[in-house]
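# Sharing a sequence plus its predicted fold:
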Amino acid sequence: MLQGTLVTLKIAVCAVLIAIFMAGIATVMRVSPWRIVRWAGTTYVEVFRGTSLLVQLFWLFFVLPLPPFNLNFSPFTVGIIGLGLNYGAYGSEILRGALGSVPWGQFEASVALNMTASLRMRRIILPQAMRNALPPSTNLMVELIKSTSLVSLITLSDLSFRASQVNSITADSTVVYGTTLVIYFVLAQLLVAAMRKVEQRTARANG
């Protein structure tokens, strides 16, 4: 089960990185001045938010190797890509909402001060937006950690998969799955504690 916990941690860390990257890319696409780019970003978000994560994993694992795709990925790669793409779509909505929460007067004031677009985003908009985005992002990361249990269904030996194996040998479901619950809970609380530190430092940096 400890080996399974390490696999779960690896999947969660890689998937979080992919989700952050995809959330940023999708958010930029959705505020693009070009309609086709906005349409592509919106399509990505709506497809991955509007369909089941489990079905997405099955599709990546069982369908992509078939013609006409002929794309074969390892179960680990499928797991992190599936989780990253799915939660990246939700993260994009969080970022879009956080950017929208910055008062429009901040944009106007930075334009009046003749700030460039990159300086305006770096010094005025993003610091305020990230402060608003951190709490819901923490919740999303906790959900991602819990959702890693689904990768056991595509033959990955994560914590849930190992727990099922141990239970089949010991037949002591109370202890095995009780321990599994505790491990997931501890992982989630460690993440929450780390993100609270980030929130506090962000708040101090922004006065």
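Looks like it came in fine.
# Could you find the closest non-adjacent residue to Gln128?
Val102 (4.9 Å; C-beta to C-beta, 6 or more residues apart in numbering). In this view, the C-beta of every residue, glycine as well, is placed from N, C-alpha and C.
# Can you pull the phi/psi pair for that neighbour?
Here is the backbone geometry of Val102 (degrees, to the nearest 10): phi -70, psi 120.
# close enough to count as contact, it and Ala129?
Yes: contact criterion C-beta atoms under 8 Å: Val102 and Ala129 qualify, at 5.6 Å.
# Which one of the two is surrounded by more residues?
For Val102 versus Ala129, neighbours defined as other C-beta atoms under 10 Å are more numerous around Ala129 (21 against 17).
# quick one: buried residues of the helix or strand encompassing that one?
Per DSSP states H and E, Ala129 falls inside helix 126-147. Going by neighbour count (16 or more other C-beta atoms under 10 Å), the buried part of helix 126-147 is 126, 128-134, 136-138, 140-142, 144-145, 147.
# what does stretch 175-193 give?
Applying 16+ other C-beta under 10 Å to stretch 175-193 flags Val176, Thr180, Ile183, Tyr184, Leu187, Ala188, Leu191 as buried.
# ok, and what's touching the helix holding Ala129?
8, 12, 15-16, 19, 53, 83, 86-87, 90-91, 94-95, 97-99, 101-102, 106, 184, 187-188, 191-192, 195-196, 198-199, 202-203, 205-206 (C-beta atoms under 8 Å, 6 or more residues apart in numbering).
# show me what contacts Lys10?
Lys10 neighbours (C-beta under 8 Å, 6+ apart): Phe76.
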